[in-house]
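[1] got a predicted structure here, sequence first:
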Amino acid sequence: MLIATWNVNSLRVRLPQLLDWLGQARPDIVGLQETKLVDGDFPEAELAAAGYHAVYVGQPTYNGVALLSRQAASDPLTALPGREHDPQQRFVAASYGALRVINVYVPNGSAVGSDKYVYKLAWLADLSRYLLAASAQSPKLLVMGDFNIAPTDLDVHDPAAWEGQVLVSPAERAAFVELVSLGLHDTFRHLNPQTQAFTWWDYRAAAFRRNQGLRIDHILATQPVLAASRACRVEIDLRRSERPSDHAPLVLELDPAAIV
DNA sequence: ATGGTAGCAGAGCTA
């Protein structure tokens, strides 16, 4: 059973790549971020033809998230509880049998100390508060997405250059530690304790060619799901493709027998 | 080098 998260940076532009990849890899559940589509423009028919159900929520121009699945979803939720009136669409959740999946696009934060940074930390505090309840209600829980946080210096190509910057600042890393402290384990790091791997490379300055990346996309899992986790890897080939997203997908392989 | 590129939208903002 394959679970994936991918910041597509425009689903309209990336749809052909997504459909190719769905056909080849056949992931069971996929969280998308930065779809940048209003709901009326969501490519539901194309995805259905590829064998995928979708739960999605978008807005004009920015943000937007979706959960795709080969099995139909139940109990969909399209706003972070407490932020139902926030116009920024960054949260979608659904259940697949006993597995609860939450897909998030955490705010970027722009620059440390900016209004957007304050919004990011407030959003993360609300997420943390909600996940405390959600993890109690759903023992088999996955929380995945673009967290816009590189948890440690191992997750940064040049820690000295990035020190104190947005995506790595102490307050952001503390917010990530708080999520993990709820019992939500970082599956990639658990399965690859020493591996340096990135999920995002800036479009600018030939960052991908020089492997100047950060690991900011994550799949967090409660203990029962962690115990069923066999492997977690970055699908770097999609970052190499023509007209790529600036993020590569992150894929978690689960033992399905442990999830039913 | 306070730049660089990509997407949306059609100039400037966001990342």
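    Yep, it's here. Residues are numbered from 1 along each chain as shown, chains lettered A, B, ... in the order given.
[2] pretty sure A:P81 is touching A:L131, no?
    No. With contacts counted by Cβ atoms under 8 Å, A:P81 stays clear of A:L131, the gap being 10.4 Å. Glycine gets a C-beta too; all of them are placed from N, C-alpha and C.
[3] please report how far the closest residue to A:I3 other than its chain neighbours lies from DNA strand B.
    Excluding the flanking residues, the one nearest A:I3 by Cβ to Cβ, 6 or more residues apart in numbering is A:L252, at 4.5 Å. Counting by Cβ to the nearest atom of the strand, to the nearest Å, the separation of A:L252 from DNA strand B is 22 Å.
[4] which pLDDT value belongs to A:L252?
    On pLDDT, A:L252 comes in at 98.
[5] same check, this time on A:S74
    With respect to pLDDT, A:S74 has a value of 98.
[6] can you report how many residues lie near the spatially closest residue to it that is not a sequence neighbour?
    Leaving aside its sequence neighbours, A:S74 sits nearest to A:S95 (Cβ to Cβ, 6+ apart; 4.8 Å). By other Cβ atoms under 10 Å, the residues close to A:S95 number 16.
[7] just give me the neighbour total for A:S74.
    Using other Cβ under 10 Å, the number of residues around A:S74 comes to 11.
[8] okay, A:P81 and A:L131: which has more neighbours?
    The neighbour comparison of A:P81 against A:L131 (other Cβ under 10 Å) goes to A:L131, with 23 against 14.
[9] one step back: so who does the residue nearest to A:S74 touch?
    Neighbour list for A:S95: A:73-75, A:101, A:138 [criterion: Cβ atoms under 8 Å, 6 or more residues apart in numbering].
[10] same question for A:W201.
    A:207-208, A:211-214, A:239, A:246.
[11] how close does it get to DNA strand B?
    Taken as Cβ to the nearest atom of the strand, the span from A:W201 to DNA strand B is 11 Å.
[12] counting neighbours, what do you get for whichever residue of the stretch 1-150 of chain A sits closest to DNA strand B?
    At 3.2 Å from DNA strand B, A:S10 is the closest residue in the stretch 1-150 of chain A, using Cβ to the nearest atom of the strand. Counted with other Cβ under 10 Å, the neighbours of A:S10 add up to 13.
[13] that's all I had, so thanks and see you.
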